[in-house]
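Visitor: Okay, here's the prediction I keep looking at, along with the sequence it came from:
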Amino acid sequence: HRIRMIDEYQRAYTLAGTKAGYKDGLCSEARFLEPTGVSHQTRYRLLIADTGNNVIRLINQKSSEVTTIAGMKSAGYRDGELSKAKFK
């Protein structure tokens, strides 16, 4: 339920997440439920497939914040506006 990274010195650290759940906010307080996919959007922005919550989350490494950018927390398949899209 954490997003782990490896720095240029080959040290592992937690970028975001604490325990299981759903919470946006500071990386140190955010909660994920079974995150399974990570993709770089830009150098300081990561997209996270928060599979257990059925949403796509954005980690902004500059501001150290996690926000939900797509999905509704209910499982399903729906195309359209990000706030109304559904994932499973």
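Guide: Nice, thanks for sending it over.
Visitor: which parts of the helix or strand where Val66 lies are buried?
Guide: Assigned by DSSP states H and E, Val66 belongs to strand 65-71. Buried residues in strand 65-71, counted by 16 or more other CB atoms under 10 Å: Glu65, Val66, Thr68, Ala70, Gly71. In this view, the C-beta of every residue, glycine as well, is placed from N, C-alpha and C.
Visitor: residue contacts, the fourth one?
Guide: In this case it means Ala70. Val55, Ile56, Leu82, Ser83, Ala85, Phe87 (CB atoms under 8 Å, 6 or more residues apart in numbering).
Visitor: among those, which two are most distant?
Guide: In the contacts of Ala70, two members sit farther apart than any others by CB to CB. They are Ser83 and Phe87, at 12.7 Å.
Visitor: ok, Tyr9 to Gly17 distance?
Guide: Separation of Tyr9 from Gly17 (CB to CB, to the nearest Å): 22 Å.
Visitor: Among Ser83 and Phe87, which residue is more densely surrounded?
Guide: Comparing Ser83 with Phe87 by other CB atoms under 10 Å, the one with more neighbours is Phe87, at 19 against 10.
Visitor: Surely that one and Val55 touch.
Guide: Yes - Phe87 is in contact with Val55 according to CB atoms under 8 Å; the separation is 6.9 Å.
Visitor: Touching both of those two, which residues are there?
Guide: Ala70, Gly71.
Visitor: Please name the residues that touch the nearest residue to His1 once chain neighbours are set aside.
Guide: The shortest distance from His1 to any non-neighbouring residue, by CB to CB, 6 or more residues apart in numbering, is to Ala20 (4.5 Å). For Ala20, the contact set (CB under 8 Å, 6+ apart) comprises His1, Arg31, Phe32, Leu33, Glu34, Gly52.
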